[in-house]
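Undergrad: Need coordinates for the following:
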Amino acid sequence: MTALLSPLGYLGYRVAAHNQWIIVTRNARSFDQGTEPKVFPAQSQLSMLVVGDTGKDTQRRAEVVEAMRRHSRWSRPDAAMILGDNFYERGVESVDDPRFDSDFESLFDRKSFDIPFYACLGNHDVGGDTDAQVQYTKRSQRWKMPSRYFKTSHRAGGATVDIFVLDTNTLDLDDDATDQQLKWLRAELAASQADYKIVAGHHPAISGGQHEVTPSVAKHLSPIFSEFNIDVYLSGHDHDLQLLDSGEGWLQVVSGAGSKLRSTSWIDETRFAEATAGFCWLVANESELSLSFYSSTQRLCTYIVPAKVPGPMLAIANA
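TA: All right, here's what the predicted structure looks like:
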């Protein structure tokens with residue numbers, strides 16, 4: 001296959017990888033796999049499953065959801081985060097669209113996942129009726145998208161966690177909608193007294209994945225993340241698993257391998273990356289925030305973000 005594609009150069013390679021003909025992890029470096037977090041009693045931590053780009057019925061999706069189901073039996077998650085592209089290829093047609101059942105309610109069956117699912121909009125979702133995804137919050141006991149962008153707060157033992165969920169699609173417009181959302185985000189971050197500040201959106205601000213980073217997302221969000229000292233930005237869009245260090249005190253998680261898969265690369269900021277279907281498990285407590293990445297068969301990597309203390313920010317360390 002490589003010999004056939006080589007005359008076409010990078011364009012041919014990119015098209016091939018985009019269509020899942022070639023799936024590779026390029027330029028991988030050695031890394032510390034870390035130690036899997038312990039599960040503490042209820043109310044003493046926040047346990048959250050994080051997965052994106054689940055909106056296409058594939059064998060990989062079935063394997064990822066089954067892995068999440070097995071994981072949930074012992075990790076007892078308090079919530080889940082869905083990072084956009086919830087319904088390929090063009091979102092849903094209305095609040096009555098049967099795909100709310102096939103691609104959410106039945107997929108993440110309540111018996112296995114009796115927890116709130118916080119969701120954001122991806123670029124494929126806005127091809128349909130985006131308001132229907134917001135309105136579905138009123139019909140479902142588990143689907144949580146009260147508006148196109150919103151905040152949710154959680155207890156993690158003696159610590160607090162604020163999660164700010166964005167609609168990153170509007171950031172590319174550079175219009176009133178962009179300004180309004182960014183004004184909201186700044187005000188909410190400035191007012192937050194939480195021990196951990198987490199932002200979630202569909203498009204990454206840093207990535208070595210097949211998609212190039214959307215310039216407007218990096219331009220608008222990266223300075224805000226640094227200014228307000230957030231801990232982690234969660235995103236999908238790239239169909240892989242990645243952890244990247246901004247160098248400005250915040251981490252980028254890419255967990256967009258919920259149904260499709262594409263090649264990825266290690267870049268300067270990469271701390272972990274793998275072109276494999278899977279999900280992320282986020283755990284926060286009084287002493288630390290951990291980020292663990294799983295394929296459909298095994299744990300791949302765990303990183304620890306120590307709790308912040310007065311004075312200079314603690315360095316990020318492997319588990």
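Undergrad: hey, let's count contacts and neighbours off CA atoms from now on
TA: OK.
Undergrad: right, and the secondary structure at L234 would be what?
TA: Three-state assignment for L234 (DSSP: H, G, I helix; E, B strand; the rest coil): strand.
Undergrad: Got the phi and psi for the closest residue to A159 other than its chain neighbours?
TA: With sequence-adjacent residues excluded and distances taken as C-alpha to C-alpha, 6 or more residues apart in numbering, A159 is closest to E286, at 5.0 Å. E286 adopts backbone torsions of phi -70, psi -30, taken as degrees, to the nearest 10.
Undergrad: which stretches of this structure aren't confidently modelled?
TA: Along the chain, segments meeting pLDDT under 70 span 1-21, 309-319.
Undergrad: Can you list the residue ranges for helices in the stretch 51-200 of the chain?
TA: Applying DSSP state H, counting those that start in this stretch to the stretch 51-200 of the chain gives helices spanning 59-75, 99-100, 130-135, 176-191.
Undergrad: quick one on the thing from earlier: which residues touch the residue nearest to A159?
TA: E286 makes contact with Q45, A156, G157, G158, A159, A307, according to C-alpha atoms under 8 Å, 6 or more residues apart in numbering.
Undergrad: 7 Å instead, please
TA: Counting by C-alpha atoms under 7 Å, 6 or more residues apart in numbering, E286 makes contact with A156, G157, G158, A159, A307.
Undergrad: In strands, which of the residues you listed appear?
TA: Among the contacts of E286, the ones falling in strands (DSSP state E) are A156, A159.
Undergrad: May I see the helices of the stretch 51-200 of the chain arranged in TSV, with distance to V92 and mean neighbour count as well?
TA: Converted to TSV, the helices of the stretch 51-200 of the chain look like this (distance: least, C-alpha to C-alpha, whole Å; neighbours: other C-alpha atoms under 10 Å):
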stretch	distance to V92	mean neighbour count
helix 59-75	19	17
helix 99-100	7	20
helix 130-135	7	20
helix 176-191	22	15
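Undergrad: quick one: which of these is nearest Y233?
TA: For Y233, the closest of those is helix 176-191, at 13.1 Å, according to C-alpha to C-alpha.
Undergrad: How far away from the center of its chain is that closest one?
TA: 20 Å (C-alpha atoms, centre = their mean, to the nearest Å).
Undergrad: Give me the contacts around it.
TA: T170, L171, F228.
Undergrad: sorry, back to before: among the helices of the stretch 51-200 of the chain, which comes closest to S295?
TA: The minimum distance between S295 and these falls on helix 59-75, with 7.3 Å, by C-alpha to C-alpha.
Undergrad: Just the CA trace of the closest one, in CSV.
TA: Extracted in CSV, the C-alpha atoms of helix 59-75 (Å, rounded to 0.1, in the frame of the first residue of the first chain):
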residue,chain,number,x,y,z
GLN,A,59,-17.6,-2.3,15.3
ARG,A,60,-15.0,-0.1,17.0
ARG,A,61,-17.8,1.8,18.7
ALA,A,62,-19.4,-1.4,20.0
GLU,A,63,-16.0,-2.5,21.4
VAL,A,64,-15.4,0.9,23.0
VAL,A,65,-18.8,1.0,24.7
GLU,A,66,-18.4,-2.6,25.9
ALA,A,67,-15.0,-1.6,27.3
MET,A,68,-16.6,1.4,29.1
ARG,A,69,-19.3,-0.9,30.4
ARG,A,70,-16.8,-3.3,31.9
HIS,A,71,-14.8,-0.4,33.3
SER,A,72,-18.0,1.1,34.9
ARG,A,73,-18.6,-2.1,36.9
TRP,A,74,-15.6,-1.4,39.1
SER,A,75,-14.9,2.3,38.6
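Undergrad: ok, the closest residue to R155 other than its chain neighbours to A284 distance?
TA: Excluding its sequence neighbours, the residue lying closest to R155 (C-alpha to C-alpha, 6+ apart) is V161, at 6.2 Å. Distance, V161 to A284, by C-alpha to C-alpha, to the nearest Å: 8 Å.
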